[in-house]
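Peer 1: The sequence and its predicted three-dimensional model are supplied below.
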Amino acid sequence: VAPLKSKARCIEKAENEYEGDVSRIIDIVRASIVVENENQLIAVAKALEDAKVVRLKNRFKEPPFTGYSDALYNIEIEGMICEVQ
């Protein structure tokens, strides 16, 4: 589990990406899962099937110019949106 996104970073992200609307920030609470192979990746995806997924950003499908690939799941837990990367 990663530390909470800082207040300063939340404000910066809201200003740069959401026209100052901090209510659109959905990755204040976050965690990372690192896998070593495709079977582990599939197992993580299956484990998250029962979660209330509100958004999935698949950067395996279209990796950024850096070549880094991941999947970002935004899930709702007790009314709070969290990110699993």
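Peer 2: Received it, and whenever you're ready, just let me know what you need. Numbering: from 1, shown residues only.
Peer 1: export the helix or strand where Arg9 lies as PDB, just CAs?
Peer 2: Arg9 is part of helix 7-17, with elements assigned from DSSP states H and E. The C-alpha coordinates for helix 7-17 follow below in PDB (Å, rounded to 0.1, in the frame of the first residue of the first chain):
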ATOM      1  CA  LYS A   7      -2.500  17.500  -0.300                       C
ATOM      2  CA  ALA A   8       0.000  19.500  -2.400                       C
ATOM      3  CA  ARG A   9       0.000  16.800  -5.200                       C
ATOM      4  CA  CYS A  10      -3.900  16.600  -5.000                       C
ATOM      5  CA  ILE A  11      -4.100  20.400  -5.600                       C
ATOM      6  CA  GLU A  12      -1.600  20.300  -8.400                       C
ATOM      7  CA  LYS A  13      -3.400  17.400 -10.100                       C
ATOM      8  CA  ALA A  14      -6.800  19.100  -9.700                       C
ATOM      9  CA  GLU A  15      -5.500  22.300 -11.300                       C
ATOM     10  CA  ASN A  16      -3.600  20.600 -14.100                       C
ATOM     11  CA  GLU A  17      -6.000  17.900 -15.100                       C
END
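Peer 1: partners of the helix or strand following it, with directions?
Peer 2: Moving toward the C-terminus from helix 7-17, the next helix or strand (DSSP H and E) is strand 30-31. Here strand 30-31 is paired, per DSSP bridges, with strand 80-84 (parallel).
Peer 1: Show me which positions of the partner strand end up buried.
Peer 2: By neighbour count on 16 or more other C-beta atoms under 10 Å, the buried set for strand 80-84 is 81-84. C-beta here means a position set from N, CA and C on the backbone, and glycine is covered the same way.
Peer 1: can you check stretch 44-64 too?
Peer 2: Leu48.
Peer 1: Touching that stretch from outside, list them.
Peer 2: 26, 33, 35, 68-77, 81, 84 (C-beta atoms under 8 Å, 6 or more residues apart in numbering).
Peer 1: now swap in stretch 18-38 and tell me
Peer 2: With C-beta under 8 Å, 6+ apart as the test, stretch 18-38 has contacts from 1-2, 4-5, 10-11, 13-14, 17, 41, 43-44, 54-55, 72, 74, 80-85.
Peer 1: If you count neighbours, what's buried in that stretch?
Peer 2: Result for stretch 18-38 [16+ other C-beta under 10 Å]: buried residues 25-30.
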